[in-house]
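> sequence plus predicted model, see below.
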Amino acid sequence: MHLADEDLMQLVRRGDAEAFAVVYDRHATAAFSLAYRMTGTRNAAEDVVQEAFLSLWRSGARYDRARGSVRTWILGIVHNRAIDSLRRSMVHDRRRASDEGIEERFEAQERTDVEAARRDEAREVREALGTLPPEQCKVIELAYFGGFTHSEIAEMLSTPIGTVKGRMRLGLEKLRGQLGGLAEVVS
Amino acid sequence: MIGCARHEEVASYVLGALPEEENERFEAHLETCDDCMREVAELQVAADALPLAAVQVAPPPELKDRLMTVVRSEAQLLQAAEAPAREAAPPREKRRRWWGLRPLPAIGLATAVLAVAVVAGVLVTSGDNDAHTVQAKVTLVAAPNARASLEVKGDQGTLNVSGFPPPGNNRVYQAWRMRGGKPVPAGLFRVGGDGKATLAIEEPLKTGDQVLVTIEPGGGSAQPTSNPIAAASLA
């Protein structure tokens, strides 16, 4: 039987471990990929994903379907946890491993049509990012994946903070336009 | 462009680029500013797509094994703790968590790492008179050596714990007496540097009761706000 994520979350909220396992299987790769991209090491990524999913298990009641898909919600938790982890460790400049350790990567198996579709979405998002002016793409990446605050970014780039904020906004607006219908599929 | 002077924070907010304090202030602002709220909803669409840009990497299978070990043991605890409540609860009542509590309030990171699984009470010793000890098998993720037991004499209970980590900033351990599916506060405790604590349970006990421990905000709570980390059943 194939239950929608939202229905599974109802079961998770009541303490159903098997429903939780299904939710994990569906979203673990996306969660781990984001955590790995942000933290740059497998160990840190595993910790982040573990914390995020345990928090989902223990506080599933906080999921509100009116505010988006389960996947988006989970990735939001992962993102926050990864930022916490980065800001705790304060080793910002040492963690470019995700950009360097290419050989360490292994792509997730393309097991299902759903995953294949996600692979296509991923390509679209990467391409959309690629069409942004480099300075806009840069600030978005530093903020979202790097976990840096806007003032840290301003300092790193020797750019006024107002300019950084402006580039973030313009970049996001453009990205939103590029993605168009995709956003619906993603969430 | 919108009129609100804080609209320039919106992009930073959806990207997670506001320092913690500013983030809190901005969220408070959002509650009162429809313009910014609308703007957040728009830019959020783009931010939500960003995780897809990361190269997809499968997590190691051991990660799931570790998670499921914790999750299954907590699920068992919930079921065990729920059982008496189920018997006693009026049929119309929809059962959710063991105390029928709905949303779990925000759990701090420290707590989330800590809080975990639990226990079934076993009648272990029967000493002089009617005194006996109920062992609680406690599994705290961050503290595999955590133990708890409940010494019962007549209707008086004494909870002994060891190997318990500090409950986190501004948090305290709170004991509850569960009877008929209803938790009643039964005392707060902190642990010393040695991880030990002793608490005289503040409520009278009888057969069929359970004693549970949760982690609560500083002054304790009137109702549990997190899952139990330890439970002992009076057989």
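All right, it came through fine.
> show me the helices in the chain, by range?
Going with chain A. For chain A, the helices defined by DSSP state H cover A:5-13, A:17-39, A:42-58, A:70-89, A:97-100, A:113-131, A:134-144, A:150-156, A:161-179, A:182-186.
> right idea, wrong chain: chain B
Counting by DSSP H, one finds helices in chain B at the ranges B:10-15, B:20-30, B:34-49, B:61-88, B:109-114.
> quick one: which of those is nearest A:Leu3?
Closest to A:Leu3 of these, according to Cβ to Cβ: helix B:61-88, at 17.3 Å. Any C-beta I mention is one placed from the backbone N, CA and C, and that applies to glycine too.
> so which of the helices of chain B is nearest A:Glu155?
Closest among the helices of chain B, using Cβ to Cβ: helix B:10-15, at 14.4 Å.
> hmm, the closest one touching chain A?
Yes - remark: helix B:10-15 sits within contact range of chain A at B:Val10, B:Ala11, B:Ser12, B:Val14, B:Leu15, by Cβ under 8 Å from any Cβ of the partner chain.
> who are the contact partners of the second one?
Right, B:Ala11. Counting by Cβ atoms under 8 Å, 6 or more residues apart in numbering or on different chains, B:Ala11 touches A:Lys165, A:Met168, A:Arg169, A:Gly171, A:Leu172, B:Ala17, B:Leu43.
> isn't the fifth one up against B:Leu50?
Right, the one you point to is A:Leu172. No - using Cβ atoms under 8 Å as the test, A:Leu172 is too far from B:Leu50 to be in contact (9.3 Å).
> now the common contact residues for the two.
Common neighbours of A:Leu172 and B:Leu50 (Cβ under 8 Å, 6+ apart) are A:Ile140.
> ok, the nearest residue to A:Leu170 once chain neighbours are set aside - contacts?
Sequence neighbours aside, A:Gln136 is the residue nearest to A:Leu170 in space, at 5.7 Å (criterion: Cβ to Cβ, 6 or more residues apart in numbering or on different chains). With contact taken as Cβ under 8 Å, 6+ apart, A:Gln136 is in contact with A:Arg167, A:Met168, A:Leu170, A:Gly171, A:Lys174.
> kindly reformat those residues as JSON lines containing pLDDT and neighbour count.
Listed next are the contacts of A:Gln136 as JSON lines, based on pLDDT from 0 to 100; neighbours: other Cβ atoms under 10 Å in any protein chain shown:
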{"residue": "A:Arg167", "pLDDT": "96", "neighbour count": "23"}
{"residue": "A:Met168", "pLDDT": "96", "neighbour count": "28"}
{"residue": "A:Leu170", "pLDDT": "95", "neighbour count": "17"}
{"residue": "A:Gly171", "pLDDT": "96", "neighbour count": "25"}
{"residue": "A:Lys174", "pLDDT": "94", "neighbour count": "18"}
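> return the member of those residues nearest to A:Ala66.
Nearest to A:Ala66 among the contacts of A:Gln136: A:Met168, at 26.5 Å, using Cβ to Cβ.
> neighbours of A:Ala17, how many?
Burial of A:Ala17 is recorded as 19 neighbouring residues (other Cβ atoms under 10 Å in any protein chain shown).
> check contacts around it.
A:Ala17 sits in contact with B:Met68, B:Val71, B:Arg72, B:Glu74, B:Ala75, where contact means Cβ under 8 Å, 6+ apart.
> Throw together a PyMOL command that grabs the buried residues out of those residues.
A single PyMOL command is used to select the members of these judged buried by 16 or more other Cβ atoms under 10 Å in any protein chain shown:
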select buried, chain B and resi 68+71+74+75
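> re the thing from before, which of the residues of helix B:10-15 next to chain A are buried?
Buried, going by 16+ other Cβ under 10 Å: B:Val10, B:Ala11, B:Ser12, B:Val14, B:Leu15, out of the residues of helix B:10-15 next to chain A.
> I am finished for the moment; much appreciated.
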